[in-house]
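Asker: Need a 3D model of the sequence below.
(one chain, ligands or ions: 2)
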Amino acid sequence: MSEREFIQINGGKPLSGSVCVQGSKNAILPMLAASLLPEKGCSVIRNVPPLNDILVAFDIMRHVGAAVDYFPEEKTVCVDATHLSRSDLPEALTCRLRASVLFIPALLARLGEVRLPSVGGCPLGARNLNYHYRGFARLGAEVTGGDEFVISGEDFTGATMYLDFPSHTGTENLMMAACFSKGVSIIENAASDPEIFDFANFLIKMGAKIHGLGTRTLTVEGVPALNPVEYYAMNDRLDAGLFMMAAGIAGGQISIIGVNPADLRILTEKMMQMGVEIRINGHVMEVASPGKKLRPVNVLTCPYPGFATDFQPAIMALSCIADGQSYIRERIFDKRFSHVKELRKLGASIDLDEEDGLAIVNGPTRFKGADTEPDNIRAASCILLAGLACPEKTTIGNVYQINRGHFDIENRFQQLGADVRRVKV
Ligand SMILES: CC(=O)N[C@H]1[C@@H](OP(=O)(O)OP(=O)(O)OC[C@H]2O[C@@H](n3ccc(=O)[nH]c3=O)[C@H](O)[C@@H]2O)O[C@H](CO)[C@@H](O)[C@@H]1O
Ligand SMILES: C=C(OP(=O)(O)O)C(=O)O
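Answerer: Numbering: from 1, shown residues only. Ligands and ions are numbered 1, 2, ... in the order given. So this is what the prediction gives:
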């Protein structure tokens, strides 16, 4: 009989102590893809946690002929793409990773063709790739769709590309492709998330010429070649935010080590409005619960610097214990409320109008223990938070999801005094 694995939380214990933030998955994934661009030599990326999505990306890279040496203890990966040999991405891997799409530019530049079957990732509703494909076409690629997308071409020329919506990976992909397209490209209505900034700095270290970082208009001058680099990836604001909200929901006081407070400004504001005490001490954030009921909150998800959609499920857990009604509006994805079903198993009272992208949370909830099966990373984080506030036993199945986004989660919470265990039966 096959083994079943789950995370078990016996909540109701206040947190104390310190926790270190992991490297950023969503910054590292495009860096891994771009490390296939140099024609010879090894690139070294540091601060790379062994998350499921990152391990799948390594497998994709090995499949196309790159040598990938990963040192998990040192959180360091060494990539040598000198001998890339194939451009067909296998569905068994791409269906597990949304960021598979980020491998298109490097394979196009190196081999002149990419075949990409369906891509995976969190099931959040329609997640189109039309901006990516339209952008590649504007740069001169031939794009054909069907069961799999085939993108091909040899010579690319800079172009102006406007994104109808500031897509995160769309911006990364077109920025990467513009680096090897002759002349100047302009990406208008680009996303400006911190991971894109960090990734652009990675490309700049490789020799790319990118201007306008942090703004909605990026200008990229094509360069003849990109070189291998050594780069230390930024820390993960989503991992930092999970621990901030953990202190808010479980009570107690913790220090979160390795935070860029500017990246977390809106989450910090919202949590302080709820009554959570947050003190910023350089790159350490001290978070304490107020010792009384939290206030309800209104949240509307927006592209950066607005409230991040990836924090929407987690702040919903927090709003469940607030004293009154919270309004949570999702504006990035059309189906990002799967955690509502799981929170209801724990006793939450939530009125959901998915069509309208609105959840009204009727707090305060006294959570009761339940077995849950969240279907994506951030839904799993949401339940983990609710479990910390629940005096009974909560279990989280489908641990593959949390392992996609947060490394060694049980040990890092145990370090803070929480009873969070990984159980295999
Ligand atoms: C690996 C990674 O970095 N994932 C992040 C990235 O996903 P991802 O880059 O996939 O998200 P996008 O920013 O592209 O998607 C935002 C919205 O734009 C739409 N859209 C996007 C592209 C496109 O070609 N056409 C289109 O219509 C999507 O359907 C969605 O409604 O940004 C999301 C939004 O911040 C985060 O939740 C994900 O954690
Ligand atoms: C949505 C996420 O990832 P992906 O875009 O890979 O599905 C995420 O990291 O929360």
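
Asker: ok, how many other residues are close to the closest residue to ligand 2 within the chain?
Answerer: For the chain and ligand 2, the shortest gap (Cβ to the nearest ligand atom) falls at Gly121, measuring 2.8 Å. Using the backbone N, CA and C atoms, a C-beta is placed for each residue, glycine as well. Neighbourhood size, Gly121 [other Cβ atoms under 10 Å]: 19.

Asker: wait, what's in contact with it?
Answerer: Listed by Cβ atoms under 8 Å, 6 or more residues apart in numbering, the contact set of Gly121 reads 97-99, 127.

Asker: Narrow the residues you listed to those in strands?
Answerer: Applying DSSP state E to the contacts of Gly121, no entry is found in strands.

Asker: what are the ranges of the strands in the stretch 151-300 of the chain?
Answerer: Counting by DSSP state E, counting those that start in this stretch, residue ranges of the strands within the stretch 151-300 of the chain are 160-162, 184-188, 209-211, 217-221, 230-232, 252-257, 277-281, 284-288, 298-300.

Asker: pLDDT on the first one, on average?
Answerer: It stands for strand 160-162. For strand 160-162, mean pLDDT rounds to 97.

Asker: what residues does the protein put near ligand 2?
Answerer: 26, 98-99, 121-122, 310, 377-378, 405 (Cβ under 6 Å from any ligand atom).

Asker: near ligand 1, which of those residues show up?
Answerer: 26, 98-99, 310.

Asker: Could you give me the PyMOL syntax to select whichever of the residues of the chain next to ligand 2 are buried?
Answerer: PyMOL command restricting the residues of the chain next to ligand 2 to the buried ones, with burial defined by 16 or more other Cβ atoms under 10 Å:
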select buried, resi 26+98+99+121+122+310+377+378+405
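
Asker: Give me the most central residue, this protein.
Answerer: Asn26 (4.5 Å; Cα atoms, centre = their mean).

Asker: That one - nearest residue in space that isn't next to it in sequence?
Answerer: Glu195 (4.6 Å; Cβ to Cβ, 6 or more residues apart in numbering).

Asker: what's in contact with the helix or strand hosting Lys341?
Answerer: Here Lys341 sits within helix 338-345, counting by DSSP states H and E. Residues outside helix 338-345 that contact it (Cβ under 8 Å, 6+ apart): 123, 313, 316-317, 320, 348, 350, 352, 359, 370-376, 378-379, 382-383, 386.

Asker: of the residues you listed, buried ones?
Answerer: Burial by neighbour count, 16+ other Cβ under 10 Å: within the contacts of helix 338-345 this picks out 313, 316-317, 320, 348, 350, 352, 359, 370, 372-374, 376, 378-379, 382-383, 386.

Asker: Among those residues, name the ones in strands.
Answerer: Filtering these for strands - DSSP E - leaves 350, 352, 359, 372.

Asker: Contact residues of this protein facing ligand 1?
Answerer: 26, 29, 98-99, 126-132, 165, 167-170, 309-310, 332-333.

Asker: if we go to 5 Å?
Answerer: For the chain, the residues in contact with ligand 1 (Cβ under 5 Å from any ligand atom) are 26, 99, 127-131, 165, 167-170, 309-310.

Asker: Would you mind giving the domain segments of this protein?
Answerer: As given by automatic domain parsing, the domain ranges for the chain are 5-22+235-424, 25-229.

Asker: Need the distance between the two termini of the longest one.
Answerer: Taking Cα to Cα, to the nearest Å, the first and last residues of domain 5-22+235-424 lie 4 Å apart.

Asker: on that earlier part again, in CSV, list the ones in strands among the buried ones among the contacts of helix 338-345 along with distance to Val56 and pLDDT.
Answerer: As requested, those are exported to CSV (distance: Cβ to Cβ, whole Å; pLDDT from 0 to 100):
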residue, distance to Val56, pLDDT
Ile350, 32, 98
Leu352, 32, 98
Ala359, 31, 98
Thr372, 24, 98
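
Asker: for this protein, what spans make up the helices?
Answerer: Secondary structure of the chain (DSSP state H): helices at 25-34, 52-63, 91-94, 104-111, 130-138, 168-179, 194-206, 237-250, 265-274, 312-320, 338-345, 377-388, 399-405, 409-414.

Asker: Mind putting those helices into JSON lines with mean pLDDT?
Answerer: Listed next are the helices of the chain as JSON lines, based on pLDDT from 0 to 100:
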{"stretch": "helix 25-34", "mean pLDDT": "98"}
{"stretch": "helix 52-63", "mean pLDDT": "98"}
{"stretch": "helix 91-94", "mean pLDDT": "96"}
{"stretch": "helix 104-111", "mean pLDDT": "97"}
{"stretch": "helix 130-138", "mean pLDDT": "96"}
{"stretch": "helix 168-179", "mean pLDDT": "98"}
{"stretch": "helix 194-206", "mean pLDDT": "98"}
{"stretch": "helix 237-250", "mean pLDDT": "98"}
{"stretch": "helix 265-274", "mean pLDDT": "98"}
{"stretch": "helix 312-320", "mean pLDDT": "98"}
{"stretch": "helix 338-345", "mean pLDDT": "98"}
{"stretch": "helix 377-388", "mean pLDDT": "98"}
{"stretch": "helix 399-405", "mean pLDDT": "96"}
{"stretch": "helix 409-414", "mean pLDDT": "98"}
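
Asker: who wins for proximity to Thr160 among these?
Answerer: helix 130-138 (7.8 Å; Cβ to Cβ).

Asker: Ser381 contacts Ile402, doesn't it?
Answerer: Yes: judged on Cβ atoms under 8 Å, Ser381 makes contact with Ile402 at a distance of 7.0 Å.

Asker: of these two, who's got more company?
Answerer: Comparing Ser381 with Ile402 by other Cβ under 10 Å, the one with more neighbours is Ser381, at 29 against 26.

Asker: how close does that one get to Pro49?
Answerer: From Ser381 over to Pro49 the distance is 15 Å, taken as Cβ to Cβ, to the nearest Å.

Asker: Give me the neighbour count for Val425.
Answerer: 7.
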